[in-house]
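Student: build me a model:
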Amino acid sequence: MQSRWVSALVSTSLLALAFAAPGQAEPAPATVTEVANAEATAPLPASTAPQAVGAVIRERLLADAKTAKEEEAADWQALIAFYEARSDEPIFVGRAGYTSKAEALIEEFKKSADWGLEPSDYDVLDMGADSSDRAELTPEQKVEGEQKFALTVLKYARHARGGRITEPSKQLASYVDRAPQYIDPKKFLDDLASASDPAEVLRGTHPKHAQFEKLRQKYLDLKRNADAAKEIVRIPAKGPKLVPGKSHPDVALLRQRLNVPVPAGKDGAEPDPTFYDDELAAAVAKFQTDKGQKPDGIVGPRTRAAFNDIDVPSPERILANMEMWRWMPDDLGDFHVWVNIPEFLVRVVKSGEIIHEERIITGELNNQTPLFSDVLETIYFNPRWHVPQSIKVNELYPGLARGGGSFERQGLRMMRNGKYVDPYSIDWSRADIRNYDVYQPSGPGNALGIVKFTFPNKHAVYLHDTPTKNLFNSEVRTFSHGCVRVRNPMRLAEVLLEQERGWTPDQVHETQQSDPDEVAVKMERPIPVHITYFTSLVGEDGTERIVKDVYGHEERVKLALAGKFNQIAKGRDHLAPVKFSRVQYQGPDDWGFIFGGGNQNRRYKQNNTSLNDFFNNIFGGGGY
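Tutor: As a prediction, the model looks like this:
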């Protein structure tokens with residue numbers, strides 16, 4: 001028995017060894033003499049010595065270190081260091097039960113559902129409160145109670161920071177390049193120990209983002225009013241066009257749906273809810289704009305259909321969005337760029353206020369725009385377009401292998417080791433196109449337009465201009481190969497450079513026009529860029545705005561939170577190396593098909609191809 005307690009006294013020397021990563025240098029272990037001396041001098045712990053509790057917990061955690069899950073390892077190390085620093089004094093268990101600190105935390109555990117967590121995940125031993133009129137707990141009970149409670153409170157902190165889904169990019173989809181934003185567990189324990197209100201410290205582990213709290217309040221509202229949820233007013237799918245200045249019974253429904261009051265009657269007449277007035281027309285036009293329709297205020301078949309394309313309020317959807325906020329950095333940046341994929345919008349935010357907003361186009365379903373955060377480093381005017389490996393292998397190589405003559409007509413150039421190469425002088429039955437740099441020079445027909453915004457990342461994604469402006473009129477705009485196209489990128493450049501460098505719009509345009517070749521403007525202070533996927537957004541008035549789950553990430557998060565990981569369709573790993581298969585192509589140059597308008601059931605003659613056809617297809621514009 002004595003040797004077990006002695007090992008606890010020397011176990012801290014083994015801490016780094018127990019949790020050491022493979023290949024990490026091992027610390028010098030305690031010598032036999034040191035252990036013997038400890039054995040000779042260390043007294044057996046008495047049941048009344050509270051410091052013994054922490055010693056046993058440290059010993060246990062060290063003994064079981066190799067069994068800790070990856071997400072638990074940091075908690076275990078923190079707990080060992082925590083008890084060692086406080087001379088093994090327990091914090092949660094007293095002489096006969098839980099301390100007042102622990103009791104306050106238990107009450108907060110019971111409220112975890114209010115934060116979108118699952119209360120059953122935070123069950124602790126039923127020991128009751130510490131009291132002088134109760135029998136003293138046994139040493140084993142103290143150890144069991146303290147260890148269980150400490151690990152539970154650390155688990156709560158992990159879950160509050162998104163740790164229920166530990167690796168979104170592996171468990172959901174490779175496009176979800178987010179991760180839990182864990183806090184320092186040792187500091188968290190220290191804060192709990194010194195806090196007069198430990199429940200406040202526990203609540204403080206949740207995200208501080210305003211949108212997270214608005215979603216939480218909406219979630220609580222849905223829970224409170226689940227039985228009395230307001231039925232959404234639907235507009236009849238069939239009916240005449242509703243035109244401002246006219247009356248129709250459906251106008252009254254329209255008014256209810258958009259929450260527009262009935263106008264006062266003229267000359268003392270009774271108010272007429274069926275009359276289509278200007279205020280209602282403005283509300284309809286805004287609805288049409290949000291749905292990607294022409295904002296003319298006329299309610300025809302398409303607008304009627306849009307009114308009936310309804311997402312019913314869903315607590316599960318809100319919880320999924322709250323979970324994705326848990327993966328966001330604590331500090332988004334006082335000045336930052338926010339791309340939200342499901343809304344197809346890019347926003348510039350300063351001091352919490354949106355100062356600029358514009359429509360975007362994102363990646364198609366098979367080439368999605370990934371979710372991640374980085375920093376904007378450079379704005380390029382008149383950029384070159386460097387062809388990605390996937391497009392070189394899957395789109396360009398087949399035509400070259402056939403011996404076709406369309407490469408130069410597409411305005412492309414090829415280099416290797418810094419030297420220009422004639423693509424028609426290469427034996428493509430032997431060469432690997434991945435070893436060549438293919439790019440499109442700057443110019444009016446360049447696929448990236450006149451400006452791009454780069455924040456170097458492993459996904460090779462950036463924001464840029466596009467010549468296919470008509471696609472911005474669509475409600476769902478998943479047309480690119482993964483990059484984000486901006487409807488008016490020059491205005492975005494003006495907003496960013498005004499804030500970052502104090503430039504005027506004229507200076508921005510002069511820079512763009514100063515050189516026909518690529519001009520790089522490096523940011524003097526990097527600007528955070530956040531590409532997100534929020535399908536539920538709550539306004540200042542508490543109204544929830546719901547957008548379509550275009551990539552299915554919301555559904556993946558909902559399945560994960562329900563523990564149904566085996567039902568998640570993860571899709572392909574978009575970061576996997578591009579596979580190159582050398583195929584013996586036969587027949588004439590078929591680039592007219594490859595670079596055509598996107599209709600896979602037609603074959604285009606070579607002389608009908610054009611640069612625009614090519615890039616429409618490459619960037620998802622063909623056929624739309």
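
Student: so what's the closest residue to Ser112 other than its chain neighbours up against?
Tutor: With CB to CB, 6 or more residues apart in numbering as the criterion, Ser112 has its nearest non-adjacent residue at 4.9 Å, and that residue is Pro119. From N, CA and C alone the C-beta is placed, and that goes for glycine too. Neighbouring residues of Pro119 by CB atoms under 8 Å, 6 or more residues apart in numbering: 109-110, 112-113.

Student: against Ile235, how distant is Pro244?
Tutor: 16 Å (CB to CB, to the nearest Å).

Student: please apply the same query to Arg402.
Tutor: When distance is defined by CB to CB, Arg402 is 54 Å away from Ile235.

Student: same check on Tyr397?
Tutor: Distance of Tyr397 to Ile235, computed by CB to CB: 51 Å.

Student: look at the two and report which has more neighbours.
Tutor: Here Tyr397 and Ile235 are set side by side on neighbour count (other CB atoms under 10 Å), and the busier one is Tyr397, at 23 against 19.

Student: what's the helix or strand for that one?
Tutor: Under the criterion DSSP states H and E, the helix or strand holding Tyr397 is helix 397-401.

Student: average pLDDT for that helix, rounded please.
Tutor: Confidence over helix 397-401 (mean pLDDT, whole number) is 84.

Student: determine the set of other helices and strands touching that helix.
Tutor: In terms of contacts (3 or more CB pairs under 8 Å, 6 or more residues apart in numbering; DSSP states H and E), helix 397-401 is packed against helix 591-594.

Student: hang on, Asn470 in a helix?
Tutor: Yes. Looking at Asn470 with DSSP: H, G, I helix; E, B strand; the rest coil, it is inside a helix.

Student: for it, grab the count of nearby residues.
Tutor: Look at Asn470: counted by other CB under 10 Å, it has 9 neighbours.

Student: gap between it and Arg430?
Tutor: As judged by CB to CB, Asn470 and Arg430 stand 42 Å apart.

Student: again with Phe275
Tutor: Applying CB to CB, the value for Phe275 to Arg430 is 76 Å.

Student: equivalent analysis for Thr535, please.
Tutor: As it turns out, when the distance is counted by CB to CB, Thr535 lies 49 Å from Arg430.

Student: Pro240 now?
Tutor: Following CB to CB, the distance that separates Pro240 from Arg430 is 68 Å.

Student: of these two, who's got more company?
Tutor: Between Pro240 and Arg430, Pro240 has the larger neighbour count (other CB under 10 Å), namely 10 against 7.

Student: check contacts around the more buried one.
Tutor: Contacts were defined as CB under 8 Å, 6+ apart; by that measure Pro240 touches His248.

Student: against Lys208, how distant is it?
Tutor: Here the criterion is CB to CB. By it, Pro240 lies 50 Å from Lys208.

Student: cool, Thr166 as well?
Tutor: From Thr166 to Lys208 the distance is 22 Å (CB to CB).

Student: out of those two, which sits in the more crowded spot?
Tutor: When Thr166 and Lys208 are compared for neighbours, Thr166 comes out ahead with 16 against 10, by other CB under 10 Å.

Student: now the strands for the stretch 351-500 of the chain?
Tutor: Listed in chain order, the strands found in the stretch 351-500 of the chain under DSSP state E, counting those that start in this stretch are 353-363, 372-381, 385-386, 413-416, 419-420, 437-440, 451-454, 463-464, 478-480, 484-486.

Student: go through stretch 451-462 and flag the buried ones.
Tutor: Residues of stretch 451-462 classed as buried under the neighbour-count rule (16 or more other CB atoms under 10 Å) are 451-455, 457, 459-462.
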